[in-house]
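> With the sequence up front, the predicted model follows.
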Amino acid sequence: MIKSNSGIRKTDVINRRMFIIGAAKVVVFVGIVARLFSLQINENKKYLTLSDKNRIREWKLPPTRGNIVDYFGNVIAGNLKVYQLHIIPEQVENFNYLLVRLKNLLNLSDKRIARINKLKAELKPWDSIIVSENLSWSQFVKINNYLYDLVGVKPVMTISRNYPFNDVYTHVLGYVSQPNEQEILENEIIQERFVPGMKIGKLGLEKRLENHLIGTNAIQRYEVNAYGKRINQLEYQKGEQGSKIRLTVDTEIQKACGKLLNEKAGSISVMDIYTGDIIAMYSSPSYNPNLFLFGISQDEWQLIRNNPLKPLINKTLSGLYSPGSTIKPIVALSALENKVIDTKFKVKCTGKMELYGQTFHCWKEKGHGWVSLRNAMKQSCDTYFYEVARLLGVDRLNITAEKFGLGKKVLGDYFDNEKRGLFPNTKWKKNNLGKGWVLGETLITGIGQGYIQSTPLQLCMMTAQIANGGFAVKPKIIVDSNPISYEDAKQSMESGLLFDTDSEQLLDKKLFKNQKNIKIVQEAMFASTNERFGTSYKSRIDDPKYQFAGKTGTAQVKRISKRERELDLELEQIPYKDRDHALYIAYGPYINPRYALSIIVEHGGSGSKAAAPIAKKLFKLIIDRHDLRNKQSNFERITV
Amino acid sequence: MFQHDRLSNEITLFQKIKNLDYILLISVILLSALSVFVMYSTDGGEILFHTKNHLVKLVVFFPLMIFVAFFNIKFWHNFSYIIYLIVILLLIYVSFFGIKSSGSQRWMDLYLFVLQPSELMKVAIIMCLAKYFHRLKIENVNSFTSVTIVLSIIIIPVIFVISQPDLGTSILIALSGLIILWLGGMKIKYFIYSFITFLISLPFIISFLKPYQKLRILTFLDPDRDPLGAGYQIIQSKIAIGSGGLGGKGFLKGTQSYLDFLPEKHTDFIFTLFSEEFGFIGSVGLLILYSIIIFRIVRIGAISRSNFARLFCFGYAFAIFIYIVVNLSMVLGLLPIVGSPLPIMSYGGSSMLATMIGFGIVLSAKINHKQMIA
């Protein structure tokens, strides 16, 4: 019985204590439900966001660059489908075997193989390795034929920059290539849109107009797993191609310039004398910008870099040359404007001129005899211009020259590499060299030698402004939003006013005091090309449709010693580096002029032999294309 | 008295089947079915390794539960000490010859499946202590001898399991043992004193913890201190549960688990996946299902005539409760991470075997609730 009692007591104890536990259980379960409630109901939004952040990842694709077209709409910088070869390591069964196969199929270098192995070690197994950025069509076909044996290899089609005219526009457009770290950091837009494999402009307009050309990224949204592997695509957001940009250049003329300067170092610029449109701007030799797209090979790079004709230099904008006799129209104009001389003024040329014991030679040893302005210009008599310069003084000459664009950048800030050149005056010498001006320096400035330095484009603009009757033009290479037609430009210019698109005002752009003086200079230039004994008489065209006026120039690169003067060597006998630069400026047609050009052939010898004949060949084409160009002026207006 | 015992021994098979607790049985079947679906989801919506194995184990162990139930509760009472001793021997065996995996040695290869004896100990210790207190006179509960004996019964397996090392299971074994001490009538002040002693010696205990265990505690206190390392599991688990919301993301649509952000989703973190896919409603539903099971076990204990059955049922109900609480608190970020499976839901043979045997004994107690044990 005691046992039974004890049993009952024990049962009571157990039940009582179980009750306490039971109550505790309820409390704990309620606590857990409360926690669930707080996580799943109260903080649901926060955790949903975190969960999406976990699983959704965005991939930016390289943006498609905008096209650059010439005045006629021909694409000169476009995009091309390229074939690439990617390897996805996780799908490869035998990596070394695959590399051996690819090495044989594509002739990969050992260096490239080592690079692929390095990439494989660095990247995640599902990230693709780019084996070849640009497969030729035959390689692509070959790979596709052997695809059954190349597990894990993926032939890919993508878009890459392409310059269909190869080296024709290199110095205008520049090229694109992979950016370096600093270039990414410097430009916010590039920084934002950068993806590996993207290319940016490195030079020329490609660089300058980067922010317009770049385009926006296409975005792929993927669901990824915890290891970052893409599971499926959720969304594809199309990117926008960069802006299309239309240039003022004419590919046919640009190509012709390239041919004319083939294997020569030099530059040709052609400009519309009313609108300021640059029709052509070619620096020779050029190089193929397509080489840079996928990383230029060391050999090819050395070939370009070590070329003695210096293809990397944009001679049109950064080449600084003494203008030589091509400055004479400005000297003559300045003297006329300042009433130092008139058309009747004559100088007797004896082949040299003595000044304070120094001898200044004319190019013609025997001398030209008594010469007037027209004859002096025609035969490029140096003695006449020594005398005129002496009477005029360098400071007055400087004012006229700067008015016509010497010593100033022509295209402003469009090209990083454009140089200002120099037109000296007494003040400049005092400030920069610390010495007083010497009269002898005035004389040589009068024939375009000495301190004076100009770019070919400056000479072209100077010529254009003489050709259009002495009005300022605003050179441009990009067609702006309100392209002004040739006729409108001409009309507004001849009224003495020019519509300035920047300030939207009609500005007085007269560069002369008396337009008759411009006419005198124009006539003298006409004589130089179209009259017997003119320096470029041999390069004339008689047909009035194409007839042009010009001025030759021969710029010494080295002081000619007395002995050399006596020897009177033929061009071939002089070392290349010491030969004179040949220059020519011209505009045409003489009646109703439309275009101006400047030609420079480095170390080409004399202007009349090396440069003027090029103008003859070019002018026919330029004039022939004028009507075509005129019809195009209301072509779709796409711009920056 | 003797005759009465004999009479109640002779229950026919039909009566046994009739006397089964069908609410408990249905709840266990529901839970099992649910666990198969969840396992199917962890396999990414395919019947793969885990789903197959889990299903096979359920098919084997569920009949085993019925088989266990058909033995008289007296039989289990009689063999309690022996079962306890066998499991102790198994623990000794694994501590010498066990299979090592990820730094601990807790398993033995039984050819058909790998057994983790410490899981069986969770049930065996309840059986052993239930029998001890059943036989102990209420006057002697707090005597020095009995206290020494019961503490030894608890401490011996705990030491073996801690040395495997397996902190989580050893805590669960200790708690399962202590609850019987509580129910058996041990003085409340002993519990209070021990608790105070435990708190005081806590810093001392912590200094004995292995570096990875200390890290877990630190991580629990501040999961963001190392979000990609030690804190990763708990952060991802909370994201999964939290993003489930009211109704969940839908079956097979849990992105956190499907995309492998969830660690150990088959085993300890199975609730996370469930909660992500079925949301607050599903989670509360699961808790209700567990509550029904616990309540039924308590009720069976309450109607049992013998104190052994009563103690076992109450103790086992508490053990199930503790497993759930520890597991859920862990995945909800309320406790540091200790390895502890969710009964039936988690993948793992030994845990399921032990749980099913426990249910079997409870059902045996139900069938034989009128059975007196001397």
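Cool, the structure landed. Residues are numbered from 1 along each chain as shown, chains lettered A, B, ... in the order given.
> need the contact list for residue A:211.
Residue A:211 sits next to A:187, A:189 when contact means C-beta atoms under 8 Å, 6 or more residues apart in numbering or on different chains. C-beta coordinates here come from the backbone N, C-alpha and C atoms, glycine included.
> Wasn't it part of a helix?
Yes - counting by DSSP: H, G, I helix; E, B strand; the rest coil, residue A:211 is part of a helix.
> what's around residue A:234, how many residues?
Using other C-beta atoms under 10 Å in any protein chain shown, residue A:234 has 13 other residues around it.
> tell me the SS of it?
Relying on three-state DSSP, one would call residue A:234 strand.
> Now do the contacts for it.
A:56, A:221-223.
> what does residue A:156 give?
Residue A:156 sits in contact with A:83-86, where contact means C-beta under 8 Å, 6+ apart.
> Need the residues you listed in a markdown table (columns: pLDDT and distance to chain B).
Compiled in a markdown table, those are given as follows (pLDDT from 0 to 100; distance: C-beta to the nearest C-beta, whole Å):
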| residue | pLDDT | distance to chain B |
| --- | --- | --- |
| A:83 | 86 | 33 |
| A:84 | 84 | 29 |
| A:85 | 85 | 30 |
| A:86 | 84 | 24 |
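> is chain A contacted by the helix or strand where residue B:36 lies?
Counting by DSSP states H and E, the element that carries residue B:36 is helix B:22-42. No - using C-beta under 8 Å from any C-beta of the partner chain, helix B:22-42 never reaches chain A; the gap is at least 14.1 Å.
> who wins for most neighbours among the contacts of residue A:156?
residue A:85 (24 neighbours).
> Heading C-terminal from the helix or strand hosting that one, find the next helix or strand.
Using DSSP H and E, residue A:85 sits within strand A:75-87. Next helix or strand after strand A:75-87 toward the C-terminus (DSSP H and E): helix A:95-106.
> Run the chain-centre distance for the helix or strand following that next one.
Where DSSP H and E defines the elements, the next helix or strand beyond helix A:95-106 is helix A:110-122. A distance of 35 Å separates the centroid of the chain from that of helix A:110-122, by C-alpha atoms, centre = their mean, to the nearest Å.
> just checking, what packs against helix A:110-122?
Contact here means 3 or more C-beta pairs under 8 Å, 6 or more residues apart in numbering or on different chains; DSSP states H and E; on that basis helix A:110-122 packs against helix A:95-106, strand A:129-135.
> ok, stretch B:174-187 near chain A or not?
Yes - using C-beta under 8 Å from any C-beta, stretch B:174-187 comes into contact with chain A via B:179, B:182-185.
> Which one (most neighbours) among those?
When neighbours are counted as other C-beta under 10 Å, the busiest of the residues of stretch B:174-187 next to chain A turns out to be residue B:183, with 27 neighbours.
> doesn't residue B:315 make contact with that residue?
Yes - if you go by C-beta atoms under 8 Å, residue B:183 and residue B:315 touch, sitting 6.5 Å apart.
> out of the helices and strands packed on helix A:110-122, nearest to chain B?
Set against chain B and scored by C-beta to the nearest C-beta, these come closest in strand A:129-135, at 24.0 Å.
> Now the element after the strand or helix carrying residue B:202, going C-ward?
According to DSSP H and E, residue B:202 maps onto helix B:188-208. Tracing the chain past helix B:188-208, the next element assigned as helix or strand by DSSP H and E is helix B:211-221.
> how much does that next one deviate in direction from helix B:188-208?
If you take axes from the mean of the first three to the mean of the last three C-alpha atoms, to 10 degrees, helix B:211-221 sits at 110 degrees to helix B:188-208.
> if you look at the helix holding residue B:202, does any of it touch chain A?
No - among the residues of helix B:188-208, none lie within reach of chain A under C-beta under 8 Å from any C-beta; the closest is 9.0 Å away.
> on that earlier part again, each with direction, which strands does the strand holding residue A:85 pair with?
Note on strand A:75-87: by DSSP bridges, its sheet partners are strand A:68-69 (antiparallel), strand A:129-135 (antiparallel), strand A:153-162 (antiparallel).
> So for chain A, which residue is the most central one in space?
residue A:204 (2.3 Å; C-alpha atoms, centre = their mean).
> where does the chain have low pLDDT?
This is for chain A. A:1-7, A:481-483, A:496-507, A:633-640 (pLDDT under 70).
> right idea, wrong chain: chain B
Using pLDDT under 70, the flagged stretches of chain B are B:1-10, B:230.
> list the contacts for the residue of it at minimum distance from chain A?
Distances between chain B and chain A by C-beta to the nearest C-beta are smallest at residue B:242, namely 2.6 Å. With contacts taken as C-beta under 8 Å, 6+ apart, residue B:242 has the following neighbours: A:39-40, A:43-44, A:46-48, A:50-51.
> Check residue A:490 too.
A:274, A:468.
> Send me stretch A:101-118 as PDB with only the CA atoms.
What follows is stretch A:101-118, C-alpha atoms only, in PDB (Å, rounded to 0.1, in the frame of the first residue of the first chain):
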ATOM      1  CA  ARG A 101      44.700  21.300 -81.500                       C
ATOM      2  CA  LEU A 102      44.000  25.000 -81.600                       C
ATOM      3  CA  LYS A 103      47.700  25.800 -81.900                       C
ATOM      4  CA  ASN A 104      47.900  23.700 -85.000                       C
ATOM      5  CA  LEU A 105      44.600  25.000 -86.500                       C
ATOM      6  CA  LEU A 106      45.200  28.700 -85.900                       C
ATOM      7  CA  ASN A 107      49.000  28.900 -85.700                       C
ATOM      8  CA  LEU A 108      49.000  30.300 -82.200                       C
ATOM      9  CA  SER A 109      52.300  31.400 -80.800                       C
ATOM     10  CA  ASP A 110      53.700  29.800 -77.600                       C
ATOM     11  CA  LYS A 111      53.300  33.200 -75.900                       C
ATOM     12  CA  ARG A 112      49.600  33.200 -76.700                       C
ATOM     13  CA  ILE A 113      49.300  29.700 -75.300                       C
ATOM     14  CA  ALA A 114      51.000  30.700 -72.100                       C
ATOM     15  CA  ARG A 115      48.700  33.700 -71.900                       C
ATOM     16  CA  ILE A 116      45.600  31.400 -72.300                       C
ATOM     17  CA  ASN A 117      46.900  29.100 -69.500                       C
ATOM     18  CA  LYS A 118      47.400  32.100 -67.300                       C
END
